[in-house]
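S.K.: got a predicted model here, sequence first, then my questions.
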Amino acid sequence: MPVSRLKDIPGIGVDQMGNAADAAHDPEILRLENMDTDIPPPPEALDATRAAVGRDDCNSYLPFTGQNDLRQAATEHVSRMSGVAYDWESQCVITAGGLSGILNTLLALLELGDEVLLHDPIYAGLVNRVRLASGVPKFIPLEPTPGGWKMDRRALQSAGSGKTRVVLIVNPSFPTGAYLTREDWESIAGYCHRNDCWLLYDAALERILFDGKPYIHPASLPGMAERTITVGCVTKEYRMIGWRVGWVVGPRTIMTDLALVGLTNVCCPVGIAMPGAAAALRLSDGGVRDAVSEWQRRRDATLEELQDLPIVRPDGGWCLLMNTRKLGIDPAAASRSLLATGKVAATPMTHWGSGCAADYLRFVYANEPVERLSGLRDRIRQAWQL
């Protein structure tokens, strides 16, 4: 019997699919189950990390809020993206990855029973962190359309209540790849103003946008700088998954509490990882533009392969969703047969939001080259006899 704080926190499914694919020891398996990528990090980040291993200041607990150079680089990055002038000494804390920053922020903001609005479908790990922090997740539907996922702005207005404390938004949304337009952001900003809410912006994928979609940082909207807390990381854009380096940048009024939660939770970030992250952030581009271009090629190849199946086009990010129930197949069963017969690892979206998320199977296209993605439709046809 789990303790009460864990009773409504299920697994995310990715670990089970990853373990099953690993156990097969079969290089022919397409690894579309986990948010990995084979595109390497910036060389400068690798060099800085190697050098950090022998540095005494990188083998230390101090500073608890992160190395000053990284705090400066992260703050400059968020200031560039948002157009808001943030101060690195009073408005930035380094965290052990972006999700650690999300949990720390929720722990600093939520009282027992406070509500958090999230998109639906949404990453199960975000929902679980809301619950772990004693919050109550409430969902804003993302609607599948022929042109991609669209936010139901009318549903936003009725999603919360007087208990709503935080609106937690990922853009492009994960796992759908939904892109928020300026009108979407203005609707979210209006909701935050009217209901006196914080906006917790998960910026892990923020520049992974396709087809020339313009970038918008929510703190740039009128009156939102004092309500927006930005959580970023080098994980996705800079392809530095194993470094586990993130940052939280936001209003001074909350940063002392965030630093206290971080000190109490994971104590301090990883010392030998921070110089590499700082090096990546100080590059003019860090390979982000080329990586996004390649990810778009892989998205397009996957869309081409699956064009006759019930998929929803993503406008950004690393993955897309297929509604296998429209084919008469339960997503979990579809996943099992696809691995066993088609040699494709893909994760069912059980618990990834409300009940509607469980209709979908997720395909991550960021970790396989276009050449390997060719033939995905044939593998599915073989597995599902379509």
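M.R.: Now that the structure is in, tell me what you want to look at.
S.K.: max-length strand in this structure?
M.R.: In the chain, with assignment by DSSP state E, the single longest strand is strand 136-145.
S.K.: need the pLDDT of residue 347.
M.R.: pLDDT recorded at residue 347 is 97.
S.K.: next: residue 173.
M.R.: Residue 173 carries a pLDDT value of 97.
S.K.: neighbours around residue 22, how many?
M.R.: By other CB atoms under 10 Å, 12 other residues sit near residue 22. The C-beta positions use only the backbone N, C-alpha and C, and glycine is treated the same way.
S.K.: in which helix or strand does it reside?
M.R.: With elements taken from DSSP states H and E, the one containing residue 22 is helix 14-24.
S.K.: now that helix: buried residues?
M.R.: For helix 14-24, a neighbour-count test (16 or more other CB atoms under 10 Å) marks 14, 17, 18, 20, 21 as buried.
S.K.: the longest strand of the chain pairs with which strands, and in what direction?
M.R.: Paired neighbours of strand 136-145 in the sheet (DSSP bridges): strand 115-120 (parallel), strand 148-151 (antiparallel).
S.K.: give me the mean pLDDT for the longest one.
M.R.: To tie it back to what came earlier, the one meant is strand 115-120. Mean pLDDT, computed over strand 115-120, is 97.
S.K.: which residues does that strand contact?
M.R.: 106, 110, 126-127, 130, 135-142, 151, 156, 159-161, 163-170, 173, 176, 178, 191, 197, 200, 353-354, 356-357 (CB atoms under 8 Å, 6 or more residues apart in numbering).
S.K.: repeat the analysis, applying 6 Å as the threshold.
M.R.: Strand 115-120 is contacted from outside by 130, 135-142, 159-160, 163-164, 166-168, 173, 353-354, using CB atoms under 6 Å, 6 or more residues apart in numbering.
S.K.: and those residues, which are buried?
M.R.: For these, a burial check counting by 16+ other CB under 10 Å picks out 130, 135-142, 159-160, 164, 166-168, 173, 353-354.
S.K.: and the host helix or strand of residue 275, C-alpha only, in PDB?
M.R.: Counting by DSSP H and E, the element that carries residue 275 is helix 274-281. Taking C-alpha atoms only, helix 274-281 is exported to PDB below (Å, rounded to 0.1, in the frame of the first residue of the first chain):
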ATOM      1  CA  MET A 274      27.400  23.200 -15.200                       C
ATOM      2  CA  PRO A 275      30.400  24.500 -17.200                       C
ATOM      3  CA  GLY A 276      29.300  22.600 -20.300                       C
ATOM      4  CA  ALA A 277      25.800  24.000 -20.000                       C
ATOM      5  CA  ALA A 278      27.200  27.600 -19.600                       C
ATOM      6  CA  ALA A 279      29.400  27.000 -22.700                       C
ATOM      7  CA  ALA A 280      26.300  25.900 -24.700                       C
ATOM      8  CA  LEU A 281      24.300  28.900 -23.600                       C
END
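S.K.: what's downstream of it, the next helix or strand?
M.R.: helix 288-305.
S.K.: check which residues of that next one are buried.
M.R.: Within helix 288-305, the residues that count as buried by 16+ other CB under 10 Å are 288, 291, 292, 294, 295, 296, 298, 299, 300, 301, 302, 305.
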